[in-house]
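In: Only the shape, not the letters, is given here:
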């Protein structure tokens with residue numbers, strides 16, 4: 001079950017990144033709350049798309065070889081966690097509504113927590129094998 005979750009999460013993160021790279025304006029218009037952050041910056045959307053594509057590939061690798069891939073997944077989890085903290089900060093300073101923040105839970109906060117947890121499990125497996 002953990003492998004299925006890991007692979008699904010990796011595919012979702014990678015698909016989001018690919019979408020940002022291939023059709024940034026489409027992504028900008030369709031993702032809830034993004035339009036409210038300001039005008040679209042196609043270069044910036046594609047830059048973040050690269051990060052999400054790497055995130056997806058790293059998490060897929062974690063699903064295939066957790067004992068080897070956990071450091072990469074931990075780095076990705078850190079990126080996702082910091083991204084979530086930026087959203088939380090924006091809420092506290094009034095740049096994001098409670099509704100937007102609640103929409104961020106499944107799309108922003110949950111993946112961060114899951115990737116860090118899955119990386120931790122991979123690290124634990126690597127230590128057990130020693």
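Out: Alright, I've got the coordinates. Owing to the predicted nature of the structure, the values given are computational and were not obtained by experimental measurement.

In: For residue 120, the count of nearby residues, please.
Out: Here the number of neighbours of residue 120 (other CB atoms under 10 Å) works out to 14. Heads up, the C-betas are built off the backbone N, CA and C, glycines and all.

In: Pull the contacting residues for it.
Out: For residue 120, the residues meeting the contact criterion (CB atoms under 8 Å, 6 or more residues apart in numbering) are 70, 74.

In: ok, it to residue 64 distance?
Out: Using CB to CB, to the nearest Å, residue 120 is found at 17 Å from residue 64.

In: Also residue 79?
Out: Going from residue 79 to residue 64 by CB to CB gives 20 Å.

In: Helix or strand with the lowest mean pLDDT in this protein?
Out: Here the helix or strand of the chain ranked lowest by mean pLDDT, DSSP states H and E is helix 98-104, holding a mean of 88.

In: Now do the buried residues in the helix or strand just after that one.
Out: The helix or strand immediately downstream of helix 98-104 is helix 110-129, counting by DSSP states H and E. Of the residues in helix 110-129, those buried under the neighbour-count criterion (16 or more other CB atoms under 10 Å) are 111-112, 114-116, 118-119, 121-123, 126.

In: In contact with residue 66: list those residues for me.
Out: 6, 118, 121-122, 125-126.

In: Recalculate using a threshold of 7 Å.
Out: With contact taken as CB atoms under 7 Å, 6 or more residues apart in numbering, residue 66 is in contact with 121-122, 125.

In: How far away from the center of its chain is stretch 14-33?
Out: Once both centres are worked out by CA atoms, centre = their mean, to the nearest Å, stretch 14-33 turns out to sit 13 Å from its chain's centre.

In: ah, wrong one, I meant stretch 121-130
Out: Averaging C-alpha coordinates over stretch 121-130 and over its chain gives two centres that are 23 Å apart (CA atoms, centre = their mean).

In: leaving aside the residues next to it on the chain, what's closest to the residue nearest the centre of the chain?
Out: Relative to the mean C-alpha position of the chain, the nearest C-alpha, by CA atoms, centre = their mean, is the one of residue 80, at 4.8 Å. Excluding its sequence neighbours, the residue lying closest to residue 80 (CB to CB, 6 or more residues apart in numbering) is residue 112, at 3.7 Å.
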